[in-house]
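In: Structure for the following, please:
(chains A, B and C)
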Amino acid sequence: MSKSDGNDIDYERDELMLAARRLPAGIAPQRDLWPGIAGAIEESAHEQGSAPSRGRPGWNRIFAQAAAVVLLIGGSSGVTWFAMKQDAQPTTVPAVESLRFETVAGSFGSQYHLGPEFLDARNDLAARLDEELARLPAATRIEVETNLETIRAAILEINMALAEEPGNALLQSLLVNAYRDELAVMSRVDGIANSAVRRSDI
Amino acid sequence: MKTMVKVLLAASLSLVLIQCKAAERVDRTLDAPADAIVTIQNTAGSVVVRGWSRKAVEVKGDLGRDVEELVFERDGKDIRIEVRAPRKSSRRLSSDLEIRLPEGSSVNVSGVSTDIEIFDVRGDIRMSVVSGDVSVQGFGSDIEVATVSGDVDAEGRGQKSDARFNTVSGDIDVENISGGISMTSVSGDLAVLDGAFERAKFNTTSGDIVYHAGLEGNGRLDVDTVNGDLDIRFRGDISARFDVETFNGDIRNCFGPEPVRTSRYTPGRELSFTEGGGASRVTIKTLNGDVRLCRN
Amino acid sequence: MEPKPAAAARATREVQPVTEETSSDELAWIERAQKSDTFAFEALYRKHVDRVYALCLRMTANVSEAEDCTQEAFIQAWSKLDRFRGDSSFGTWLHRVAVNTVLGRMRKSNRERDRIRAVGEVAPMHESIGDSGGLRDLEKAMDELPSGARHVFVLHAVYGYSHEETGDMLGIASGTSKAQLHRARRLLAQQLNVGL
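Out: Take a look at the predicted model:
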């Protein structure tokens, strides 16, 4: 407002300011940017509607892609493995005795076992997962699915390696971590989907 | 548009309800203790929180058109700020809140597609969002952040705290904190710059991990990743026992000792050595990730 | 689009902003777009994209960044459309959304750059843009300005927002905006051999 604020530029005569004002207000982009925008807003406009229905559980896909799936299970005397055929129903886990989830503490190179409580939790969450994913915004659902496939691909890779070296402690440790991470992500989705429901019920 | 404000005064309860029928500006203030516990919920939009020296909480902002109401109430030390959504699902909930609160407060923020920024809050901080980005600067105490795809950016003051960060795909960048830290992501990249830790734990499936910080005497650094690459460069002195194992990855070790094959018939490599007095422990496990171990 | 003449401004006052009033057609489109009519939103897009893109381009000084920014700004505008109240023209409102988008992306990419620097990679160089004729030098010189000064120069000098408005859009004080303008002018004058 007053001259003392230091803004003593004569906008009518100043060469630089006049040149700046003469710059074109609009510049056409080199390509049509509308399609990218349309895609994003169409998705959000449909968010509230029903998500596309999905027949088979998503996680069957990763198994279907593999020639065989190797599951690590713990026996009382060391580690055994078995292969599941491509068309087997992954949700049916054959009953095997003495599945316990415990870390044998101590030295560098412990042995790990997957336990029945863990498998129950995993199967339970996996069964509910698709329904819960459908309640999330589309972009998030895709993000979560992609990342779950990343984890499951990792599980597969570790299992393949374990098939060659069943006793390898590093691989066992990585596998347990991967299952734990998968469970954590699925639980997180569970938590989010549930709280989203709660919020809109207030 | 009319705003109805009801103020009820009770012995220890101050309650202010703001009812909105359409997109509305908000500007309300409540007195609050210096160590208030502030809970903020905003499903979509943004939340910016700044600590100040006043003993009051101020909420300003814009509410989305379909927002049912903004709840802003106090019960003793607890302050609650919630953008309340109606029963029917709606797209027009996006609300932007600017909140100022006593810098000694503890803050708990949650949302879904909400960007969050927090400045100069010295109490504990907890944040949970799905797809929003999170940024914290100048925090003083413990901090816990969980996102799915949102990125996390945290900058401390070098103070000791207990920090936990968890994303699915969001990247996590942490600068200038100390004490204990735990960072987990599936595909997000993790980076820690500066600071020095007593306990540091990193876990990714495919995300890369950068650790350019110090490790205190008797400290522990644990890194687990399936496919992420690791770049570890210790700042300051490092005196530790190192156990590094990888199945297919390469190990580059500036400290000298070379990795050895775990067996003649399989690819795995391991590297165990001690540097200095060996009071700390560094444990690294990867499947395919490359490991670079250096110091400044 | 030609900027409005500066005739109305007095010598020591700032010129009028460039944006036009929201036309009645536009108001109709806005209303329909607020009810999720994507065709109406596309009409708004077609009308304003050049101005939004130009702002993004000048603020970021990078073509592909400006394209991403423009898209993100319109996507943001779509989700916040109900908050356009007509206090300003729609063009100005879109500019605000675009500025927010630029700043948000900058914060993100600064983090990315720090991380990349830490692992020894090189940050990408930006390309300079130009215009035909004598103004090409000015656009190029603007690209070289440090970001704070460039942002202020673009909003205040090119688009005619007041220091208060510029400060508000960038999240800085109007005094800081003035200081940044002077800095921009000094640096540009050196680059362009212009007397101030």
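In: From C:Thr166, how far off is the residue of chain C found nearest chain A?
Out: When distances are taken as Cβ to the nearest Cβ, chain C approaches chain A most closely through C:Asp50, which lies 3.0 Å from it. Every C-beta, even on glycine, is put in place using the N, C-alpha and C of the backbone. When Cβ to Cβ, to the nearest Å is applied, the distance between C:Asp50 and C:Thr166 equals 21 Å.
In: okay, these two: which has more neighbours?
Out: For C:Asp50 against C:Thr166, the residue with the higher neighbour count under other Cβ atoms under 10 Å in any protein chain shown is C:Thr166, and the figures read 27 against 17.
In: For that one, pull up the helix or strand it's in.
Out: C:Thr166 belongs to helix C:163-170 when assigned by DSSP states H and E.
In: need the helices for the stretch 151-296 of chain B, in chain order.
Out: Secondary structure of the stretch 151-296 of chain B (DSSP state H, counting those that start in this stretch): no helices located.
In: can you list the residues of it near chain C?
Out: Residues of the stretch 151-296 of chain B lying near chain C by Cβ under 8 Å from any Cβ of the partner chain: B:151, B:153, B:171, B:173, B:175, B:189, B:191, B:193, B:210, B:212, B:231.
In: The helix or strand where C:Gly91 lies - what's its average pLDDT?
Out: Assignment of secondary structure by DSSP H and E places C:Gly91 within helix C:90-118. Confidence for helix C:90-118, expressed as mean pLDDT, is 80.
In: Can you check what angle separates it from helix C:163-170?
Out: Compare the direction of helix C:90-118 with that of helix C:163-170 by axes from the mean of the first three to the mean of the last three Cα atoms, to 10 degrees and you get 50 degrees.
In: So what's the gap between helix C:90-118 and the chain middle?
Out: When C-alpha coordinates are averaged (Cα atoms, centre = their mean, to the nearest Å), helix C:90-118 and its chain have centres 11 Å apart.
In: quick revisit: using CSV, please lay out the residues of the stretch 151-296 of chain B next to chain C together with distance to chain A, neighbour count and pLDDT.
Out: Below are those laid out as CSV (distance: Cβ to the nearest Cβ, whole Å; neighbours: other Cβ atoms under 10 Å in any protein chain shown; pLDDT from 0 to 100):
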residue, distance to chain A, neighbour count, pLDDT
B:Asp151, 12, 22, 93
B:Asp153, 19, 23, 94
B:Asp171, 13, 24, 94
B:Asp173, 19, 26, 95
B:Glu175, 25, 19, 93
B:Asp189, 13, 23, 94
B:Ala191, 19, 26, 96
B:Leu193, 25, 20, 93
B:Val210, 19, 24, 96
B:His212, 24, 20, 95
B:Asp231, 20, 20, 95
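In: By proximity to chain B, which residue of chain C wins?
Out: With Cβ to the nearest Cβ as the measure, the residue in chain C that lies nearest chain B is C:Asp82; the distance is 3.8 Å.
In: and B:Ala146, what is it in contact with?
Out: With Cβ atoms under 8 Å, 6 or more residues apart in numbering or on different chains as the criterion, the residues that contact B:Ala146 are A:188, B:127-129, B:165-167.
In: from those, which ones fall inside strands?
Out: Counted as lying in strands by DSSP state E, out of these, are B:127-128, B:165-166.
In: What are the phi and psi values at the residue in the stretch 51-200 of chain B positioned nearest to chain C?
Out: Of all residues in the stretch 51-200 of chain B, B:Arg65 sits closest to chain C, with a separation of 3.8 Å (Cβ to the nearest Cβ). Backbone geometry at B:Arg65, expressed as degrees, to the nearest 10, gives phi -60, psi -40.
In: same check, this time on C:Met59
Out: Dihedral angles of C:Met59 (phi, psi; degrees, to the nearest 10) stand at phi -80, psi -30.
In: Likewise for the one 3 residues further on?
Out: Here is the backbone geometry of C:Asn62 (degrees, to the nearest 10): phi -150, psi 120.
In: how much space between the closest residue to B:Gly268 other than its chain neighbours and A:Asn168?
Out: Taking Cβ to Cβ, 6 or more residues apart in numbering or on different chains, and ignoring the residues beside it in sequence, B:Gly268 has B:Thr262 as its nearest neighbour in space, at 4.0 Å. Here the criterion is Cβ to Cβ. By it, B:Thr262 lies 8 Å from A:Asn168.
In: what is in contact with the two at once?
Out: The contact lists of B:Thr262 and A:Asn168 share B:Gly268, where a contact means Cβ under 8 Å, 6+ apart.
In: Could you check which of the two is surrounded by more residues?
Out: With other Cβ under 10 Å as the criterion, B:Thr262 and A:Asn168 differ in neighbour count, and A:Asn168 comes out ahead with 22 against 18.
In: ok so, going back, check whether the helix holding C:Gly91 contacts chain A.
Out: No. With Cβ under 8 Å from any Cβ as the measure, helix C:90-118 is seen stopping short of chain A, the closest distance being 9.1 Å.
In: on that earlier part again, export the ones in strands among the contacts of B:Ala146 as CSV, with columns for pLDDT.
Out: As requested, the ones in strands among the contacts of B:Ala146 are exported to CSV (pLDDT from 0 to 100):
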residue, pLDDT
B:Met127, 95
B:Ser128, 93
B:Phe165, 96
B:Asn166, 94
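In: Sketch out the low-pLDDT regions of the chain for me.
Out: In the absence of a named chain, chain A is used. Counting by pLDDT under 70, chain A contains low-confidence ranges at A:1-7, A:43-116, A:193-202.
In: Actually, chain B is the one I wanted.
Out: Filtered on pLDDT under 70, chain B yields the residue ranges B:1-23, B:87-91.
In: re earlier: who's in contact with the residue nearest to B:Gly268?
Out: Neighbouring residues of B:Thr262 by Cβ under 8 Å, 6+ apart: A:168, A:170, B:245, B:268-270.
In: Give me the nearest residue to whichever residue of chain A sits closest to chain C, chain neighbours excluded.
Out: Using Cβ to the nearest Cβ, the single residue of chain A nearest to chain C is A:Gly26, 3.0 Å away. For A:Gly26, the nearest residue in space outside its immediate sequence neighbours is C:Asp50; the separation is 3.0 Å by Cβ to Cβ, 6+ apart.
In: That neighbour and A:Ala28 touch, don't they?
Out: Yes. With contacts counted by Cβ atoms under 8 Å, C:Asp50 reaches A:Ala28, the gap being 5.3 Å.
In: one step back: phi first, then psi, for the residue nearest to B:Gly268.
Out: Backbone phi and psi, for B:Thr262 under degrees, to the nearest 10, turn out to be phi -80, psi -30.
In: try B:Gly249
Out: phi -80, psi 170.
In: Buried residues, the helix or strand containing C:Glu139. List them.
Out: C:Glu139 is located in helix C:135-144, with elements delineated by DSSP H and E. For helix C:135-144, the neighbour count (16 or more other Cβ atoms under 10 Å in any protein chain shown) marks C:137-143 as buried.
In: can you check stretch C:171-189 too?
Out: Applying a neighbour-count criterion of 16+ other Cβ under 10 Å, the buried positions in stretch C:171-189 are C:172, C:174, C:176-185, C:187-188.
In: would you turn those residues into TSV with pLDDT?
Out: Converted to TSV, the buried residues of stretch C:171-189 look like this (pLDDT from 0 to 100):
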residue	pLDDT
C:Ile172	87
C:Ser174	87
C:Thr176	89
C:Ser177	91
C:Lys178	92
C:Ala179	90
C:Gln180	91
C:Leu181	93
C:His182	92
C:Arg183	91
C:Ala184	92
C:Arg185	92
C:Leu187	89
C:Leu188	90
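In: which non-adjacent residue is nearest B:Gln159?
Out: The spatial neighbour of B:Gln159 that comes closest, neighbours along the chain excluded (Cβ to Cβ, 6+ apart), is B:Gly140 at 5.7 Å.
In: what about the one you found, how many neighbours?
Out: Using other Cβ under 10 Å, B:Gly140 is surrounded by 19 other residues.
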